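>>> Below is the sequence, then the predicted model.
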Amino acid sequence: METVSERLPQIKVDVYKDAINYWAACNHKSMQSMDWTTMIEPEVVREISGKTSEEANEFLIPYLQKKHLEKTTEIEQFKEFVLKEFGEKFEAGCNKLKQVMSGHELYRDDFTIFITTIGRCPYNKENGWVWLGMKNADPVRTFLHELCHFQFIHY
């Protein structure tokens, strides 16, 4: 049987997934009762608000490619931090979650974490995706918080 540590989430940096987060933050402002546009440069908000994701991507993809390039070191350092934190805390966190969720196993074995350059941490239950903002000080806790949503909906 596979151990929890063998099921550690994949950690990815993906400009297109980051763009999804930016677009949603600017076009679904009522989500989580917070105005996420305050975390995004005003120029970006102006360029993508009220546009379809396809229209917004014409601006966002080159913008985020440049931003990711400029922040390569910071992004890689955060990715290493996330990998270390998950290696140390993920198994214990999942065991605790299992106790809280009446002994239910994780609803799936494969998860992907996308590093995003804004603080908004959305998720996609069907695909097992969670976005983590680069300033997140406790990525395992954030991931487990989102996983609670997944588990609750699933069971």
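Looks like it came in fine. Residues are numbered from 1 along each chain as shown.

>>> Next, name the residue at the spatial heart of the chain.
Here the mean C-alpha position of the chain is nearest to the C-alpha of Trp131 (C-alpha atoms, centre = their mean), at a distance of 0.6 Å.

>>> The helix or strand hosting Lys98: how far from the chain's middle?
Element membership for Lys98 (DSSP states H and E) is helix 72-100. Its chain's C-alpha centre and that of helix 72-100 lie 13 Å apart, by C-alpha atoms, centre = their mean, to the nearest Å.

>>> One more: stretch 62-79?
Centre-to-centre, stretch 62-79 and its host chain are 15 Å apart (C-alpha atoms, centre = their mean).

>>> Name the helix or strand for the residue nearest to the centre of the chain, please.
Assigned by DSSP H and E, Trp131 falls within strand 129-133.

>>> That strand - contacts with which helices or strands?
Under the contact criterion of 3 or more C-beta pairs under 8 Å, 6 or more residues apart in numbering; DSSP states H and E, strand 129-133 touches helix 15-27, strand 112-116, strand 123-124, helix 139-154. (C-beta placed from N, C-alpha, C; glycine too.)
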